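Colleague: Next come a sequence and a model predicted from it.
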Amino acid sequence: MSVFYFVAFLSIFFALMTIFTKNPVHSVLYLVITFFTFTVHYILLNAQFLAVVNFIVYMGAIMVLFLFVLMLLNLNKDTEPLKSNLVKLMGVIAGACLLLTVGGSLRVLEISQPIVMKNPDIGLVGNLGKVLFSDFLLPFEISSILLLTAMVGAVLLAKNEPKKA
Amino acid sequence: METIVENIQGVPLNHYILFCSIIFTIGVIGVLIRRNVIIIMMSIELMLNSVNLLLTAFSAHSGDPAGQVFVFFIMALAAAEVAVGLAIIVMVYRNTRSVDINALNRLRG
Amino acid sequence: MLPLVGFLINGLARNVLPKSLVGAIGSGVVLAAFLLSCGVFSSVYAARQAGETATFIQPIFQWIGAGDLSVSMSFLVDPLSAIMLLIVTGIGFLIHVYSIGYMKHDAGFAKFFAFLNLFIFFMLLLVLGSNYVVMFIGWEGVGLCSYLLIGFWFTNTAYAGAAKKAFVMNRIGDLGFLIAVFLIFATFGTLEFSQIFPQAAGMTTGDITLLLITLLLFIAATGKSAQIPLFTWLPDAMAGPTPVSALIHAATMVTAGIYMIARSNILFTLSPITLQIVAAIGLCTALLAAAIAITQNDIKKVLAYSTVSQLGYMFLGLGVGAFTGAFFHVITHAFFKGLLFLGAGSVIHAMSNEQDMRHMGGLRKQLPITYFTMLMGTIAIAGIPPLSGFFSKDEILAHAFATNKLLWILGFIGALFTAFYMFRMLFLTFFGKFRGSAEQANHVHESPVTMTIPLIVLAVLSVIGGMLNVPAALGGSHALAEFLSPVFADSAARSEAFHLAHSTEYLLMGVSAIGAIVMAIVAYRKYISNAAVPAADGAPRGVLSRLSYHKFYVDELYDRLIVRPLNGLSVFFYRFTDRGGIDGLVNGLGKTIGETGKGLRLLQSGNVGFYIFMMVIAAAALLAYGFFNL
Amino acid sequence: MSAIITLSLLAILLLYLGLFKAKTALLPVSLLGLVAAAGLNIAGWDQAAKPLYSGMVLFDPFAIAFSVLCIVITALVLLLSKDYFDQRSPHVAEYYALLLFSLTGATLVTSFHNLAMLFIGIEIMSVALYILAGIRKRDFASNEAALKYFLMGAFSTGFLLFGIALLYGASGSFDLAQIKQYVVSNPQAISPLFYAGILLVLIGLVFKVGAAPFHFWTPDVYDGAPILITTFMSTVVKTAAFAGFLRLFYFCFAPLQDFWMPALLVITVITLFVGNITALVQQSFKRMLAYSSISHAGYLLFAIVGMGAASAESVLIYATAYSFATVVAFGTLILVKRATGSDHFEAFNGLARKNPYLALTLTIAMLSLAGIPLTAGFVGKFMMFSGVLADYQVLLVILAVINAAMGIFYYFRVIVAMYFRPLDRDQIAVSGYYSAVLWIAVLITVILGVYPTWLTGLI
Amino acid sequence: MDNLFILLLLPVLGALALVFVQHEKAAKQLALIVSLVSLVFTVSLLTSFVPDASMQFVQRFDWIPSLGIHFHVGVDGISLPLVLLTNILVPLIILSAFNHSYKGSFYALVLFMQAGLLLVFTALDAFVFYVGWEIALIPIYFICALWGGEDRIRVNLKFFIYTFFGSLLMLTAIIYLHLQTPANDYELTSFYQLGLESGVQRWVFWAFFIAFAIKMPIFPFHTWQPDTYTQAPTAGTMLLSGIMLKMGVYGLIRWLIPIAPLGFAAYGQLALVLCIIGVVYASIIAFKQRDAKRLIAYSSIAHVGLIGAGVFAWNIQGVQGAIIQMVNHGISVVGLFFVLDIVERRIGSRDIKLMGGIAKPAPALAIAFLVIVMGAVGLPLTNGFVGEFLLLMGIYEYGLWYAVFGGLTLIFGAVYLLRLYQKVMLGEVNEQTAGFTDITRTEWLVLATVVVLVVGIGVYPKPLLNLSEAAVANLINGIGQIANR
């Protein structure tokens, strides 16, 4: 139980570090750590498949992509001109307001029962696979289109065309 | 495995919701206060991740695998989005030599 | 009765006809109408002799119908209208004939006759109408013709202005008429004379509705018959050709008001307050106009003010209940004022359109017929027995005396003025030395036959016209009063019988006759013995004289009080209220929206950070809403 | 369903065609495919359709009608592309394929029966558009539009997902039928999570339809993107987004109308005013159309505010009217911009002299957008107003009336420019494709305006 | 020949045909022929019309059945005079436009507008009414903006937005009423029988009233009108003032008052007062106008104010007067504008200060102008009198003082119209007017028709009044009963 709170604390801490660190590369690294804590959460929830996927996709693929682009564009120095403090403050306040209201509108939730694993095995690959390929077959297939689109697009946009003749 | 399950047994659902909200908000704040497009995208990833965790928590809570399947789709989206987004950033960077969103203000009014 | 409509058609097709034919047709149709009128009159007369009331109604068609309102085009012939018919067509005919000569050289000859015919048509409509609406048609119609004829020489802007003024002032009265008509309809449920008057006879004296009706009708009459406060148009109306002045602004149209009141006599009898007002206004007008006439130099202006003054007398007569007397005066006035105007026209014609008396003088020799006939007219109007004016004016004054001594005294003073200015005019014009230019002197000649014959006829009528209604005191039989009695029967029954000892009557007659003669002598001494010539326009004058000369500044007063404020208001409304205020509001609304747009446009700053910030704020607001709304 | 398969396969086929440099075949093939998709769609017309694939999609008349509308408009856009992209981009095949991918997403959005499908549909639609908006890689405006659209779109996706997660948390399912069941069966004990979820989903959807105050991306992106992409975005995407919006809210959240309706009402009013008032001061025709599309989103929201049985019908007719008119407007703009190089109102000066029929079509389109009778736009507005008034929202209609009157001002500006501002200019050559598209759109606009019966009562 | 639908279709077909006629002369003639055929058609309607209170030549078929909309048209005694007016004036207007070189599209727009107007006057279904109302607006906008004066664009846009705003309010009310009907339709008769509660009727009243008031226009909604009239080409002005503003009055009679009798009971007096204010206010403004067209524009506001007041007095005299005065005003105002057009075309200005003395070189024009002016002034035996008499009578029955102030129009009308006549026609010929030529044959034809109508109706208005009497009485009594119920 306390593990959860500890990991949650870590998550929040590194998330904050991510957005407040000036150096983009550091940001990425903090984000990696945050994602790692998320993986821990998934494990705590017995969502093993997700934990694995999260570990691979996010920490492995996506983060590498970010880093790669940062390096590619030579942005690894903290060259970013920061927004003025006022904007920052407003941003934080707005975010806090959002949090308050989100929290507020959820806090009315009377029930506060702890999570009980009715069916602790759902997070296992096998179980998930059954659902994924029966009920959610269509979205699964369709998401291939999404990925295809993204692929075509990424290639299309990122390809460095020779200057027009 | 047993210990893990036991560990989580005591955590109220509310706390998961609150925790995810916090992460989500941190993502929002990140979007708001940063000018570097890449970091903004990272903040958005944070938001998506908070949703993922929330879905998983709900899924675990109700014992329904659909939530976790949904998380899978979100991850697919995240991947697609990052790919496209970074491609756009690269493209924009080629033209403007900047990833500062404040430079994006020719279209206005 | 409707050969008259033919006039209209005739009038429209006139451009193609030669002048002589135009004149002939124009006069011919009026003559035909006159003859028909004579026929009508004789049948009415015969009926009267047979002791009947002699009222004939001839409906033509229903004109307007809406709900319970039904207005028919129908005609009424009774003694009153029969006499009016004679006057209108008779004098109308004479003036047509006169015009043939007078307008011979005018380019608009045909048009002129068309208008005159049209006028006669409307006048007959007015006279013959069997209900207030038909009367109103004629009433407005003659106003139109008056407008057309005053502005006949339209190239002169002042003339055109005078025409407009006449029309508008008449219109003010007309509005009163129209509202009176509504009131009558609301009260009696009909507009036919034959149904209103019996009903009215059953009402009590002093009824408020009747008071209102009669006041409104009187307003109408002041407009048409040029009484205070609406009299100023008439002198200006002299801008028209002289036959027009004679026909419309002396003999016929201006008496429409009197005719109308006489027609509605019962209504007036039942509202004594109105009668008093009528008398007072009539008297004031008579005095004021007479006072103005004394100093005028334009021969037609003198006659115009004299007309106003005489009309005042007629109203005085009506006001004191002397309906017959007033109507009598209408008749005699038609004769002698028609005569005077035509005579003046003859003079003007001879003087090559010179109207200023200061440039005349000594015309007696060159224009013998004109001189003689005008002399007759002057004597008649001045009230010197035994010419017609004496009898009619005397009857009114006698009634005034019986009602209130003060009325008589003032009326008498007015009569003195009348005698003075008329003789002044006569003397200035025909006596003394010729004061015009040499060129004019060479031109002076007697008018053609077509002009002199009407003069002579009218002169004869002026002389003998008084015989129509010789009062009993002079051994007469009140023939006119007798003839008209059915029309005024109800009124007569309501009012106290007019009674005045014969001796008093003699006295009154004597006083007025002597007064008139004395004034004639005064005028003679001043303008012939002393050969005084009125001062030039710019010469210094005494206060009273200046007031009189400038017509008591009534026109200026109206200009200041009504015309200018209205014009100012017009500009104000247009510039400020309409353009600035209301339209400004509408445009301002548009502008505000435009400005708001410009403001909103700034929100679209192009900055993604700001956009997202706004989104977050909005999302927070939405969630807050959800929070408080659960 | 077969339509979706057709479309996705078609898109892939086009990619291959591009690979084999068969450029000329692109248009015929894609049109053929679209016709086939539309035909398959219509063939599946069934009043009592059941959800397919474990309740993932439901091809009821509602879905079919909107899909066919989207397909038809896409076909028109493709016809216009013939002259537009063929000449300026080497990536025509990708362009065609991406449009069709986006269309596939749109079709999914109209036919979803599971929040997962909604989400994926929206994302396919959007991701393809992020790319398309930036397809002119050298054009700064295009770049900026793509990046802005992407950033804000991704951001709003976060909200949508958070909302979906909460809905799932409360109701325990992504399936519309079960969510509805949840709402209906325990009206008293609906979890606050659910309410928050509704609001967050609302934010996500309202963003997609471009309603204020989530509209900020619209003008910039519409302005910056290539004209045809803008056309596609403001017609197909908007229509599909509204269809999805309506479907979700009508199907699931209607019983909770008292909760979300006031919020949406405020959004509607703000949208109307912001869109209209800002459109008033625009100098660029393109940008004006962007703002006008915001205000039209406001009118379309009427159907959701005045939720009722006729809402679907009103949205369908309004979207049809709006889409065809918009196609005409942008189509003309392409021609004018090609001739003058400007998309300002002045560029239209004197158009009526040399191209009377082009001017006439644009005029009819503008009248339709302004909602003048005997055009489809009027029928649409009329039905919107009817729907809202049935809910006794008189005040809203009065506000809408004010906005409609303001709308005249900017729609007529172009008419004024075309007819009343003289300018010596050359005649613009209108290719066969263009005149065909414009006339088809105008004819549909007028026919629908005169006799809308063939579309009413459809769903 | 009593198929109303054909009558409505005729101008539309004519307009469509004209779009494709390039040749100017052919277009003119085709337009004239079409409008004349319409006229003949109308006359044939007239002959088979029975002047009772019923709706005749009714055509009714489904239009948009799912929304309860039917294409339902018919005429009764109230609409027939206006249909007649439209079909008389349109040929005249087309004829009067012959002197300008307008393209076929111009005539197409005129005919299209005619169709809209006829639709308004014959509609028995609120939706049809609204559609007619709007589609009459589009052509006139284009007519005015294409062939108008310098400031035409701004002014016409304002006009359009203004009226469009009003009509949308009306649309709101119509839809609202539709939703209240038991059968969910837009039928006029269903609207009549609604009997809504007072509060609802009040806002319905305002929604309709503003729409109609803007169109007529009633003070203070009138400010678009002088500008628009001034900037519009003469044919446009004629259409606007001669026919289009009658739509508003007709709407008052047919739609506003019967549908919202309680609203009318609550605000009728206010509306009447506004009308009367308009009469006096516009008249006073007209005094000092220099622009002849603007002067007539303000006079039109005054006249329409009186008509409106007559309607709001809501008694037989008032309404009958309003109907006949609508016809009269249409005829007179077309005549007036035509004369001004003739003058403007010859001397190139509308400033009356620059005119004068035209009567001398152009006597026929002067006579015609005079007759028309007299008709407008309301002189007896011209058409204007009959209308004004009945109107004032109706207003009088409502209240004495209203009639007194309304009656000021008699005086004021004379003041400004005679001023106009004087400045234009009378006085000395000056430089501008020196080379003035008298009217041509087509001009003569138009003016002669107008003059004949002016005098004809003035002398024998009975047939026209008979036409509407029964219908008006029926309407007023019917409303009386509803109000009492």
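Modeller: Looks like it arrived, so ask away.
Colleague: which stretches of the stretch 151-300 of chain C form helices?
Modeller: C:157-188, C:193-201, C:208-224, C:233-236, C:242-246, C:256-263, C:265-269, C:272-295, C:299-319 (DSSP state H, counting those that start in this stretch).
Colleague: for the fifth one, the distance to its chain's centre please.
Modeller: So that's helix C:242-246. 13 Å (C-alpha atoms, centre = their mean, to the nearest Å).
Colleague: And for the third one?
Modeller: Here helix C:208-224 is found 15 Å from its chain centre; the criterion is C-alpha atoms, centre = their mean.
Colleague: For that helix, name the packing helices and strands.
Modeller: Other helices and strands packing on helix C:208-224, by 3 or more C-beta pairs under 8 Å, 6 or more residues apart in numbering or on different chains; DSSP states H and E, are helix C:132-150, helix C:157-188, helix C:256-263, helix C:265-269, helix C:272-295. Every C-beta, even on glycine, is put in place using the N, C-alpha and C of the backbone.
Colleague: Check which residues of that helix are buried.
Modeller: Across helix C:208-224, burial judged by 16 or more other C-beta atoms under 10 Å in any protein chain shown covers C:209-224.
Colleague: Please state the mean pLDDT value computed over it.
Modeller: Helix C:208-224 carries an average pLDDT of 87.
Colleague: The top helix by length along chain B vs chain D: in contact?
Modeller: When chain B is parsed with DSSP state H, its longest helix is helix B:66-96. Yes - contact of helix B:66-96 with chain D (C-beta under 8 Å from any C-beta of the partner chain) involves B:66-67, B:69-70, B:73-74, B:77, B:80-81, B:84-85, B:87-89, B:91-92, B:95-96.
Colleague: can you tell me if that helix touches chain C.
Modeller: No - Helix B:66-96 lies apart from chain C when judged by C-beta under 8 Å from any C-beta; the minimum separation is 12.0 Å.
Colleague: So that helix, near chain A or not?
Modeller: Yes - with C-beta under 8 Å from any C-beta as the measure, helix B:66-96 is seen reaching chain A through B:66, B:68-69, B:71-73, B:75-84, B:86-91, B:93-94.
Colleague: residues of that helix that come out buried?
Modeller: For helix B:66-96, a neighbour-count test (16+ other C-beta under 10 Å) marks B:66-94 as buried.
Colleague: Domain-wise, how is the chain divided?
Modeller: All of this is about chain A. A:1-75, A:124-159 (automatic domain parsing).
Colleague: Oops, wrong one, chain D.
Modeller: D:1-252, D:255-459.
Colleague: Could you tell me which ranges of the chain sit under the pLDDT cut-off?
Modeller: Since you didn't name a chain, this refers to chain A. For chain A, the stretches with pLDDT under 70 are A:1, A:75-84, A:100-120, A:123, A:161-165.
Colleague: nope, chain E please
Modeller: E:1-2, E:481-485.
Colleague: By residue count, tell me the biggest helix in it.
Modeller: Across chain E, the helix with the greatest residue count (assigned by DSSP H) is helix E:316-347.
Colleague: Disregarding flanking residues, what is the spatial nearest neighbour of residue 147?
Modeller: You didn't pick a chain, so chain A it is. residue B:80 (5.4 Å; C-beta to C-beta, 6 or more residues apart in numbering or on different chains).
Colleague: Not quite, go with chain E.
Modeller: residue E:233 (4.0 Å).
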